[in-house]
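Student: With the input below, show me the fold.
(one chain, ligands or ions: 1)
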Amino acid sequence: MTKKLIIGNWKMNPKSVRQAKDISEKITRGAKKFKNISVVIAPPAPFIGATKGILGAQDVFYEKDGAYTGKISADILKSLAVKYVIVGHSEKRYPLSGGGGDTDETINKKLKAVLNARLTPVLCVGELTRDHQSHYLHFIKEQIIRALKNVSKNIVGKVIVAYEPVWAIGKNAKNALDGEEALHMNIFIRKVIADIAGATTAKKIKIIYGGSVDVKNAEIFISLGKMDGLLVGRESLMPQKFLGIIENVNRA
Ligand code: PGA
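Tutor: Below is the predicted model:
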């Protein structure tokens, strides 16, 4: 059985390095007993060194090195023992809910930089809204195709796809997805991957769900939605709640 993957995306939290250390210690200690689950924490970049457990990064810059003030390369992340790198999160695609963020082209470059550094990219895709004509499916398909452009077929399987419908993310979201919708999206994304990289890769690629995951709904994405894991925002900053999510995934 392959391990389930649960990633906590801390975004611009907590307020201090001491809190980051404390929260991550509680999570890693509590998660140790769940042998079939990999728990990853993606803290703000300056806290990476102080965060315990398997490390993720929230973003990366695609150049190898040079005069890029404020940017962080995949090699820098690797030297800090980071294993997973989120690329294309909607809050990077549409910063402050406006334009000017990551495009499909920059996401493609970032994803390739992460693979080149032999780290694991977590590619976030998801529609802003849904429509009855299913145009959103085409939107997601295009996001995946463009993100994976010129990625050699035999390494597409190393990418983790995080399906995160933008309307379901954050504290203003009305709702998370339901289990059946999650299954539907899981099958749809595998079909897109099959067209790009073949049926074997489509079968084995990890697809995880993110957007308003909590203790109550976590299990359903795994049992009904057949997801390989979860990307958790708000609830990953509260050790008890995050551990509750991990426990429920373990039971699913
Ligand atoms: P949320 O965030 O769990 O707070 O909705 C998820 C995400 O943005 O990855």
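
Student: Please name the nearest non-neighbouring residue to the residue of the stretch 51-200 of the chain found nearest the ligand.
Tutor: Going by Cβ to the nearest ligand atom, the ligand is nearest to Ile169 of the stretch 51-200 of the chain, at 4.2 Å. For every residue, glycine as well, the C-beta is placed using N, CA and C. Distances taken as Cβ to Cβ, 6 or more residues apart in numbering put Gly211 closest to Ile169, at 4.6 Å, once the chain neighbours are dropped.

Student: can you list the weak-confidence ranges in the stretch 1-150 of the chain?
Tutor: In the prediction, the stretch 1-150 of the chain carries residues with pLDDT under 70 at positions 1.

Student: so how far is Pro121 from Gly30?
Tutor: Spatial separation of Gly30 from Pro121 under the definition Cβ to Cβ, to the nearest Å is 27 Å.

Student: These two - which one has more neighbours?
Tutor: Comparing Gly30 with Pro121 by other Cβ atoms under 10 Å, the one with more neighbours is Pro121, at 28 against 17.

Student: Do I have it right that the residue nearest to Ile169 meets Lys171?
Tutor: No: the criterion here is Cβ atoms under 8 Å, and Gly211 misses it with Lys171 at 11.6 Å.

Student: Compare these two (neighbour count), which wins?
Tutor: Neighbour comparison, Gly211 and Lys171: the larger count goes to Gly211, with 26 against 7 (by other Cβ under 10 Å).

Student: Next, the contact list for the more buried one, please.
Tutor: Shown in contact with Gly211 (Cβ atoms under 8 Å, 6 or more residues apart in numbering): 126, 164-169, 173, 176-177.

Student: Pro14: which of those residues is nearest?
Tutor: Using Cβ to Cβ, the shortest approach to Pro14 within the contacts of Gly211 belongs to Ile169, at 19.2 Å.
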